[in-house]
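S.K.: following is a predicted model, sequence given first.
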Amino acid sequence: MTEIQETYASTGPVPCAEHPDVETRLRCSRCGKPICPRCGVRTPVGMRCPDCAGTRSAVAANPTATGKAAGAGIVVAAVVGVAWGFAPDWQFYWSLILGFGVVEAMARLLRSPRGTDLQAIAIVIVVCGVVLSRAIVAQRLGVDLSEVNNLRPAVQRALYLRPIPDLLFALLPILIAWRRFR
């Protein structure tokens, strides 16, 4: 018998690796794991399991690494947010550093840095960095939180909240995070 025949000696129905209550004769074309039609992913080279097809989310595939990556992103966002709060005139550069810094710190700690779950995590971390920078600017300028809720023009100018450029500088790192993990 060849190695392939020994590997697939069982030709009868076997339980699916993902759904043990479902019997199947279908196997992954790459690793040979039994898969049912519900969890099988159609590829140009045959049906594959979610792991071999790369469709499983990064969080579900490795939650520990995702947690470490999110922690690294939070550290980068905190450092950049504080720096941005103390030098708010350099908004374009801080937004680039925030966006690329968070996503690259996260991507270096992940095996497969793709997926909507990583996009969401990175975007939340980036938004926290932007909010931290605005909170530091408000604290440095002595702006009271009750005044922030009113958003009078003087408070908006003090917090660098001009509609067009500042929203673009806040959206830039969000777009970087969305694009990187797509």
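M.R.: Everything's here; your move. Numbers count the residues shown, from 1 in each chain.

S.K.: and the residue nearest to Arg140 when sequence neighbours are not counted, how many neighbours does it have?
M.R.: Leaving aside its chain neighbours, Arg140 sits nearest to Gly85 (6.9 Å; criterion: CB to CB, 6 or more residues apart in numbering). C-beta coordinates here come from the backbone N, C-alpha and C atoms, glycine included. Neighbourhood size, Gly85 [other CB atoms under 10 Å]: 19.

S.K.: wait, Gly85 touches Val130, no?
M.R.: No - using CB atoms under 8 Å, Gly85 is not in contact with Val130, being 10.1 Å away.

S.K.: relative to Thr116, how far out is Pro88?
M.R.: Noted for Pro88: a distance of 32 Å to Thr116, by CB to CB, to the nearest Å.

S.K.: got it, and Leu26?
M.R.: As judged by CB to CB, Leu26 and Thr116 stand 27 Å apart.

S.K.: of those two, give the one with the bigger neighbour count.
M.R.: A side-by-side neighbour count of Leu26 and Thr116, using other CB under 10 Å, places Leu26 first with 18 against 12.

S.K.: might one say that that one is in contact with Gly46?
M.R.: No - in this structure, Leu26 is not within contact of Gly46 by CB under 8 Å, at 9.6 Å.

S.K.: and the residue nearest the centre of the protein?
M.R.: Leu118 (1.8 Å; CA atoms, centre = their mean).

S.K.: ok, the residue nearest to Ile123 when sequence neighbours are not counted - contacts?
M.R.: In this structure, Ile123 finds its nearest non-sequential neighbour in Ala177, 5.0 Å apart by CB to CB, 6+ apart. Taking CB atoms under 8 Å, 6 or more residues apart in numbering, we find Ala177 in contact with Gly99, Val102, Val103, Gln119, Ala122, Ile123, Ile125, Val126.

S.K.: the longest helix belonging to the chain packs against which elements?
M.R.: Criterion DSSP state H: the longest helix present in the chain is helix 116-141. Identification of packing neighbours for helix 116-141 by 3 or more CB pairs under 8 Å, 6 or more residues apart in numbering; DSSP states H and E yields helix 58-61, helix 63-86, helix 91-108, helix 153-158, helix 163-180.

S.K.: what mean pLDDT does that helix have?
M.R.: For helix 116-141, the mean per-residue pLDDT is 87.

S.K.: cool, stretch 89-107 as well?
M.R.: Here the average pLDDT along stretch 89-107 is 91.

S.K.: pretty sure Pro102 sits against Val127.
M.R.: One thing to correct before we go on: residue 102 is Val, not Pro. No - under the criterion of CB under 8 Å, Val102 is not in contact with Val127, lying 10.4 Å apart.

S.K.: ok, so what distance separates the residue nearest to Arg140 from Leu167?
M.R.: Applying CB to CB to Gly85 and Leu167 gives a distance of 18 Å.

S.K.: would you check that Glu18 makes contact with Val41?
M.R.: No - between Glu18 and Val41 there is no contact under CB under 8 Å: 11.2 Å.
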